[in-house]
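Student: Got a predicted structure here, sequence first:
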Amino acid sequence: WRAQPATAVRPEMPLPMTRKEMDRRGWDACDIVLITGDAYVDHPSFGTALVGRWLEYLGYRVGIIAQPDPLSIATFRELGKPRLFWGITAGNLDSELANLTVMRKLRRDDPYSPGGRAGRRPRNASIVYTACARHAFKGVPVVLGGVEASLRRFAYYDYWTDRVRRSLLMDSKADIIVYAMAERALAELARRAQAGHPWHGIRGTAELLNTSTDIPAAKELPSYET
């Protein structure tokens, strides 16, 4: 799976979150920038850190933007334009669940934010972050992942609005969703992006197609309207 020899860095160095930290590694740009609704804690219980270290092991230059301010596009430009793609996740929790209780009241804390402070990630974070990333640098592909994207990859019942909503892929206008344990899918996405090959038919991904016959043996699910 390795794309190239892994960059020689000290293992105690966190993945860069600022230009200064990129300069310390001698990078002029990141191959992949991961955006997360969680804090960045370099521990495998945080999915973004785990994915980032996996991609780093494969030889890619990976940066992380944690809990960016959706009202400031500058925060999405902190690491510059990613060479291959954005990787976006709402975090370890569905962003609606992270913000609201089952009674639809605002939560007072968020265990995946610094100091447990609530309100550090927007509702429908996958949609919001994708729109901001698109605005920050046009033309860069967006990959969605994490529990929010995985559970919303098909038409789904949204408890918070009490209605059925379309696939998150359509509402977010992202390019593709990687779902569940996505290490192999991400490795293949990165390999193809590096080689300039299209993302199509990769196991563990969800994509928008004109017809189910585009993929052999595809199983057709009921339409959103149905």
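Tutor: Noted; the coordinates are in hand.

Student: what residues does the helix or strand containing W54 touch?
Tutor: Following DSSP states H and E, one finds W54 within helix 47-57. Contacts with helix 47-57, where a contact means C-beta atoms under 8 Å, 6 or more residues apart in numbering, come from 2, 6-7, 9, 15, 31-32, 34, 36, 38, 40-44, 62, 64, 66, 87, 89, 91-92, 145-146, 182-183, 186-187, 190. Bear in mind the C-beta positions are built from the backbone N, C-alpha and C, glycine included.

Student: Write the ChimeraX selection for whichever of those are buried.
Tutor: In ChimeraX syntax, the buried subset of those is picked out as below (16 or more other C-beta atoms under 10 Å):
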select :15,31,32,34,36,38,40,42,62,64,66,87,89,91,92,145,146,182,183,186,187,190
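
Student: now, which of the contacts of helix 47-57 lie within strands?
Tutor: When DSSP state E is applied, the contacts of helix 47-57 are split such that I32, L34, T36, V62, I64, A66, G87, T89, G145 fall in strands.

Student: low pLDDT regions in this protein?
Tutor: 1-12, 211-220 (pLDDT under 70).

Student: now do 50
Tutor: 1, 5-6, 8 (pLDDT under 50).

Student: all helices of it, in order?
Tutor: Per DSSP state H, the chain carries helices over the ranges 19-25, 47-57, 95-99, 125-136, 146-151, 168-172, 183-195.

Student: Show me the one of these that comes nearest A74.
Tutor: A74 sits nearest to helix 125-136 of all these, at 8.4 Å, using C-beta to C-beta.

Student: which parts of that closest one are buried?
Tutor: For helix 125-136, by 16+ other C-beta under 10 Å, it's A125, S126, I127, V128, Y129, T130, A131, C132, A133, R134, A136.
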